[in-house]
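In: 3D, please:
(2 chains)
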Amino acid sequence: MSKKIRVRFAPSPTGGLHLGGVRTVLFNYLFAKKMGGDFILRIEDTDQTRFVEGAEQYIMDTLTWCGLTPDESPFTGGPYAPYRQSERKAIYRQYAERLIESGYAYYAFDTPAELEQMRNDFKTAENPSPQYNHRIREKMKNSLTLSASEVESLLTTGTPHVIRIKMPEHETITFTDMIRGEVSFQTAQVDDKVLLKADGMPTYHLAVVVDDYLMKISHAFRGEEWLPSAPVHILLWKYLGWENDMPEWAHLPLILKPDGHGKLSKRDGDRLGFPVFAMDWTDPKTGEKTIGFKERGFLPEAFVNLLALLGWNDGTDQEIFSMAELIEKFSIERVHKAGAKFDYEKAKWFNAEWIKQSSIFSLQSSIEKVLSDAGIQVDDKEKLAKVIALTKDRCTLLTDFVQQAGFFFKRSETIDLAAIQPKWDTAKKAFFTALITAYENVNHWEATELEKICKELATTHQLKPGELMLPLRIMLVGGKFGPGVFDIAAILGKEETVNRIQKVIALLQ
RNA sequence: GCCCGGUUCGUCUAUCGGCUAGGACAGCCCCCUUUCACGGGGCAAAGACGGGUUCGAUUCCCGUACCGGGUACCA
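Out: Down below sits the predicted model:
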């Protein structure tokens, strides 16, 4: 039998795809692949989260980058199209009305002002936010309090109205969550949620149940923030007569702010200087740009890896997992119940590990891109491969290659002369001038040979090699960083090495 | 306020009644390195609290505290 495992989520109101969202998708994907089921994605497009321009493409790009391509497009045609909520309005209304006919829901005509009035009137110190519940609904303007003819006339005159679920007064709703086990709620504690809004669009509560049923969803993953509304959804499955088709639920723990309290938000990233979105996103309305993990220099493998370990582990000390290993080892039972604070330092560590263990070949094109974005053109692929081999263990982010590897292809615009100048004298000048000559005559241009020549020459000039390494480095690199100097010279080649030394000697006069 | 979840080093976590409580990130120290990193070695660092149950509780149960979520015609 085929399983359909779906995640349903909304992108952030401005359109970006947030860490928590990607992780929900990831867990869902891992579970689906592990079970051999289909991986389905449903995306909200209502109200505040109604798609802004480019958001659909952005979401697909993000999923592709992460390697989480869904088995069905969440946007275009497919076996259960249409997928956009706005195109399914008639479907939702039909089921909402069916609920009214069977007495499980009712029309409510209260205006926003009246609702606010009610909340004000019933607000007390003990109950700061009164709910539209079984007690309050008796006092409001709805099809339970109005006569049938009054309702009829309000409806025919097109009075704005919503459809609300009629929560039972005293029932206990119990269900099993794949992560949390048995959870129960008292219906008296939950209010008569709106199912269909005045504009005819469904709320999440109605849409999630109707769509999951119609689309034959077998497992539903979502964030923990949905747990309190689970009883509404369970009741809806029951009231619609679909109880036996209800999916299994999994409420994932939240990703929390690294410092203070609460859910991680886009603002925290801006505030603390790390990405929160998977990829760069520019809000088409405001033009505001939010940086992504990808553009910050993360490898998709590392991003997926760090996300998976935020709230899950396989019980061993292993921390580095490929997607294939994650699929093999993932188990929903081992997902934590508690939320996890996001730690950017650890996130970077995952990336460094992935850079170290990635092959030169697989890194080549992304590094070439990073360098070219920084205005450094790579002409020689073979040279690039050598440079990557020499520098990849030193880089945490792909963008670190700009500093660690850039000078191989383009001379540094700034040269840290201040680091050599104070100790520069005629003896050193004589040495480096002699070194140029010696290097010009080298037959085997490779690191150990260059080192040997340099040290022998130092001895004949009665200089300590230690005093010469730093100046040489600055001459070749421009600053106090990078791999071993002779390895650098070896890759740079004879002509370029000699030129760089010459140029700096000239500058020091 | 009420409802629902959660609670092991600063952080992410291991432990499914036997613990000298393990690993990783971050921190500190040493080694390696005539740059900076990588790497290697080491140090420091935790069971929220109070009751039970048990020969034995971090592990099971109950309270309390604290944290998080929800309490919208947002998702």
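In: Just give me the neighbour total for the residue of the stretch 251-400 of chain A found nearest RNA strand B.
Out: Taking C-beta to the nearest atom of the strand as the measure, the point where the stretch 251-400 of chain A comes nearest RNA strand B is A:H261, at 2.0 Å. Placement of C-beta: from N, CA and C, glycine included. As a burial measure, the neighbour count of A:H261 was computed by other C-beta atoms under 10 Å and equals 7.
In: That one and A:G339, how far apart?
Out: For A:H261, the distance to A:G339 (C-beta to C-beta, to the nearest Å) stands at 10 Å.
In: and if you look at A:L252?
Out: 9 Å.
In: Between the two, tell me which one has more neighbours.
Out: Set side by side, A:L252 and A:G339 give different neighbour counts by other C-beta under 10 Å, the larger being at A:L252 (26 against 20).
In: any idea of the pLDDT on the closest residue to A:Q357 other than its chain neighbours?
Out: In space, not counting the residues next to it along the chain, A:Q357 is nearest to A:I320; the distance is 7.2 Å by C-beta to C-beta, 6 or more residues apart in numbering. Taken from the predicted model, the pLDDT recorded for A:I320 is 97.
In: show me what contacts A:I320?
Out: A:I320 sits next to A:305, A:350, A:353-354, A:357 when contact means C-beta atoms under 8 Å, 6 or more residues apart in numbering.
In: Just the buried ones out of these, please.
Out: For the contacts of A:I320, a neighbour count by 16 or more other C-beta atoms under 10 Å gives the buried set as A:305, A:350, A:353-354.
In: Who are the contact partners of A:L99?
Out: Taking C-beta under 8 Å, 6+ apart as the contact definition, A:L99 lies against A:105, A:163, A:165, A:195, A:236, A:239-240.
In: Of all pairs in the residues you listed, which one is the farthest apart?
Out: By the measure C-beta to C-beta, those have their two most distant members at A:I163 and A:L240, which lie 13.4 Å apart.
In: Compare the two (neighbour count), which wins?
Out: A:I163 (26 against 19).
In: Tell me what that one is bridged to.
Out: When bridges are taken as DSSP bridges, the partners of A:I163 come out as A:Y107, A:L196.
In: Hmm, A:A96 and it touching each other?
Out: Yes. Under the criterion of C-beta atoms under 8 Å, A:I163 is in contact with A:A96, at a separation of 4.5 Å.
In: Common neighbours of these two, please.
Out: Taking C-beta under 8 Å, 6+ apart as the contact criterion, the common neighbours of A:I163 and A:A96 are A:105, A:195-196.
In: rewinding a little: which neighbours do A:L252 and A:G339 share?
Out: With contacts defined as C-beta under 8 Å, 6+ apart, the residues adjacent to both A:L252 and A:G339 are A:224, A:311.
In: What are the boundaries of the strands in chain A?
Out: Counting by DSSP state E, the segments of chain A that form strands are A:4-9, A:38-43, A:105-108, A:162-165, A:172-177, A:181-186, A:194-196, A:219-223, A:248-252, A:255-256, A:281-282, A:289-290, A:340-341.
In: Let's have those strands in TSV, adding mean pLDDT and distance to A:I491.
Out: Shown next, in TSV, are these (pLDDT from 0 to 100; distance: least, C-beta to C-beta, whole Å):
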stretch	mean pLDDT	distance to A:I491
strand A:4-9	64	47
strand A:38-43	79	45
strand A:105-108	97	73
strand A:162-165	98	69
strand A:172-177	93	57
strand A:181-186	92	59
strand A:194-196	97	66
strand A:219-223	91	49
strand A:248-252	94	47
strand A:255-256	94	42
strand A:281-282	89	38
strand A:289-290	90	36
strand A:340-341	94	42
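In: now the ones you listed in a markdown table, with distance to RNA strand B?
Out: Formatted as a markdown table, the strands of chain A follow (distance: least, C-beta to the nearest atom of the strand, whole Å):
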| stretch | distance to RNA strand B |
| --- | --- |
| strand A:4-9 | 6 |
| strand A:38-43 | 8 |
| strand A:105-108 | 7 |
| strand A:162-165 | 5 |
| strand A:172-177 | 9 |
| strand A:181-186 | 4 |
| strand A:194-196 | 4 |
| strand A:219-223 | 8 |
| strand A:248-252 | 8 |
| strand A:255-256 | 6 |
| strand A:281-282 | 16 |
| strand A:289-290 | 18 |
| strand A:340-341 | 3 |
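In: Could I get the contacting residues of A:W349?
Out: If you count contacts by C-beta under 8 Å, 6+ apart, A:W349 has them with A:T396.
In: Give me the distance between it and A:T459.
Out: A:W349 is 43 Å from A:T459, by C-beta to C-beta.
In: again with A:M323
Out: As judged by C-beta to C-beta, A:M323 and A:T459 stand 55 Å apart.
In: Which pLDDT value goes with the most far-flung residue of chain A relative to its centre?
Out: Of all residues in chain A, A:T460 sits farthest from the chain's C-alpha centroid, using C-alpha atoms, centre = their mean; the distance is 59.0 Å. What the model reports for A:T460 is a pLDDT of 94.
In: re the thing from before, now the shared contacts of A:I163 and A:A96 as TSV including neighbour count?
Out: Rendered in TSV, the data for the shared contacts of A:I163 and A:A96 read as follows (neighbours: other C-beta atoms under 10 Å):
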residue	neighbour count
A:A105	27
A:L195	27
A:L196	26
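In: show me the contacts for the nearest residue to A:G273 once chain neighbours are set aside.
Out: Nearest non-adjacent residue to A:G273, counting by C-beta to C-beta, 6+ apart: A:Y344, 8.0 Å away. With contact taken as C-beta under 8 Å, 6+ apart, A:Y344 is in contact with A:258, A:272-274.
In: Can you go through these and name the buried ones?
Out: Among the contacts of A:Y344, those scoring as buried are A:F274 (criterion: 16+ other C-beta under 10 Å).
In: The contacts of A:Y344: which two are farthest apart?
Out: In terms of C-beta to C-beta, those reach their longest pairwise distance at A:P258 and A:G273, which sit 10.8 Å apart.
In: related to what we said a few turns ago, do you know how far the residue farthest from the centre of chain A is from RNA strand B?
Out: Distance, A:T460 to RNA strand B, by C-beta to the nearest atom of the strand, to the nearest Å: 14 Å.
In: do A:V209 as well
Out: Remark: distance between A:V209 and RNA strand B (C-beta to the nearest atom of the strand) = 13 Å.
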